[in-house]
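[1] Output the structure for:
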Amino acid sequence: MADRHSKAQRSKNMKAVKSKDSKIELLLRKELWNRGHRYRKHYKKIPGKPDIVFVGKKVAVFCDSEFWHGKNWNERKKDFKSNKKFWHSKIERNIERDKEVNEILENLGWTVLRFWGNQIKQDLDRCVSLIEEKLRNNE
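    Numbering: from 1, shown residues only. Coordinates of the predicted model:
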């Protein structure tokens, strides 16, 4: 099945996808900031460049979109109608990379938290509470 969009439109859509400062990330960061928490953004000194990092507490937070990080992947992968091989490979590699990054960071003594975008949008307070709990535990 062919793509619904022209090649130019698809390219434009894909270029608009943010890897930094996404809506979900901004929402979580703003709430953390409002509660008095200070953090680093996209910290390059550790693997995975987490979206939010509390360096002194060794807590790394990732804000994962459902599409790019493969939420419910076994059900969702059937949804792809065009360019299946490319998308399956791309998203499965993202899932694998997320696991690798988690393992590396945990082996380095970091606490890793990953939140799905809808989790952040629908229950921001719970997400922030989980982060605050880890920050207290890592004192």
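
[2] Show me the strands in the chain, by range?
    Taking DSSP state E, the strands of the chain run over residues 40-41, 52-54, 59-64, 111-116.

[3] how about those strands in JSON lines, adding mean neighbour count, mean pLDDT and distance to Arg76?
    (C-beta placed from N, C-alpha, C; glycine too.) What follows is those, written out as JSON lines (neighbours: other Cβ atoms under 10 Å; pLDDT from 0 to 100; distance: least, Cβ to Cβ, whole Å):
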{"stretch": "strand 40-41", "mean neighbour count": "14", "mean pLDDT": "96", "distance to Arg76": "29"}
{"stretch": "strand 52-54", "mean neighbour count": "22", "mean pLDDT": "98", "distance to Arg76": "26"}
{"stretch": "strand 59-64", "mean neighbour count": "23", "mean pLDDT": "96", "distance to Arg76": "14"}
{"stretch": "strand 111-116", "mean neighbour count": "19", "mean pLDDT": "97", "distance to Arg76": "13"}
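
[4] closest to Ser82 out of the ones you listed?
    Closest approach to Ser82 among these is made by strand 59-64 (23.9 Å; Cβ to Cβ).

[5] Alpha carbons of that closest one, as CSV, please.
    Only the C-alpha atoms of strand 59-64 are listed here, as CSV (Å, rounded to 0.1, in the frame of the first residue of the first chain):
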residue,chain,number,x,y,z
VAL,A,59,18.4,9.9,38.5
ALA,A,60,17.8,9.9,34.7
VAL,A,61,14.4,10.5,33.2
PHE,A,62,13.2,9.8,29.7
CYS,A,63,10.0,11.0,28.1
ASP,A,64,9.1,8.4,25.5
